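> fold the following and give me the result.
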Amino acid sequence: MGISGHLLNWIKSFLSQRLCRVRYGDNLSKFGLLQTGLPQRGVLSCILFNAYINDLVQKLKSIHGVKYLLYADDLLIWTVTPKKNLVP
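Numbering: from 1, shown residues only. Coordinates of the predicted model:
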């Protein structure tokens, strides 16, 4: 996508070394290192998600009969097939 230099390094830093833990009732889990995903409510998360799936959307455009909707950080993919006549 042409991203390089300081901006690429900043994005790498933004996405690396992120820790999380789960709260269930009054209990907290140990911290775990996140290896995938984007921060929820992150200002750049929607933009980075769209950049990540950009090539997928381009491929979907070329598949006959496949439809898709892309909104913020959600992607919906579907197709329609004719209903077979079940009456003999």
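
> ok, residues contacting the longest helix belonging to the chain?
Longest helix of the chain, by residue count under DSSP state H: helix 45-61. Contacts to helix 45-61, defined as CB atoms under 8 Å, 6 or more residues apart in numbering, come from residues 1, 11, 15, 38, 39, 66, 68, 70, 72, 73, 75, 77. Quick note: C-beta positions are derived from backbone N, CA and C, even for glycine.

> how many neighbours does the second one have?
Pointing back at residue 11 there. Using other CB atoms under 10 Å, residue 11 has 15 neighbouring residues.

> and it, how far from residue 74?
Counting by CB to CB, to the nearest Å, the gap from residue 11 to residue 74 is 21 Å.

> check the third one too.
For residue 15, the distance to residue 74 under the criterion CB to CB works out to 20 Å.

> who has more neighbours, those two?
Using other CB under 10 Å, the more surrounded residue of residue 15 and residue 74 is residue 15, with 17 against 9.

> my guess is that one contacts residue 36. True?
No: applying CB atoms under 8 Å, one finds residue 15 not in contact with residue 36, separated by 9.3 Å.

> follow-up on the earlier one: list the buried residues in the longest helix of the chain.
Buried residues in helix 45-61, counting neighbours by 16 or more other CB atoms under 10 Å, are found at 45, 48, 49.

> what of stretch 69-80?
Buried residues in stretch 69-80 (16+ other CB under 10 Å): residue 70.

> other residues contacting that stretch?
Defining contact as CB under 8 Å, 6+ apart, one finds that stretch 69-80 is touched by 38, 45-46, 49-50, 53, 56-57, 60, 65-68.

> nearest to residue 24 among the residues you listed?
Set against residue 24, the nearest of the contacts of stretch 69-80 by CB to CB is residue 38 (23.3 Å).

> mind pulling up the pLDDT for the closest residue to residue 1 other than its chain neighbours?
Nearest non-adjacent residue to residue 1, counting by CB to CB, 6 or more residues apart in numbering: residue 51, 6.0 Å away. At residue 51, the pLDDT value in this model is 82.

> what count of nearby residues applies to residue 43?
By other CB under 10 Å, the residues close to residue 43 number 8.

> good, wrapping up.
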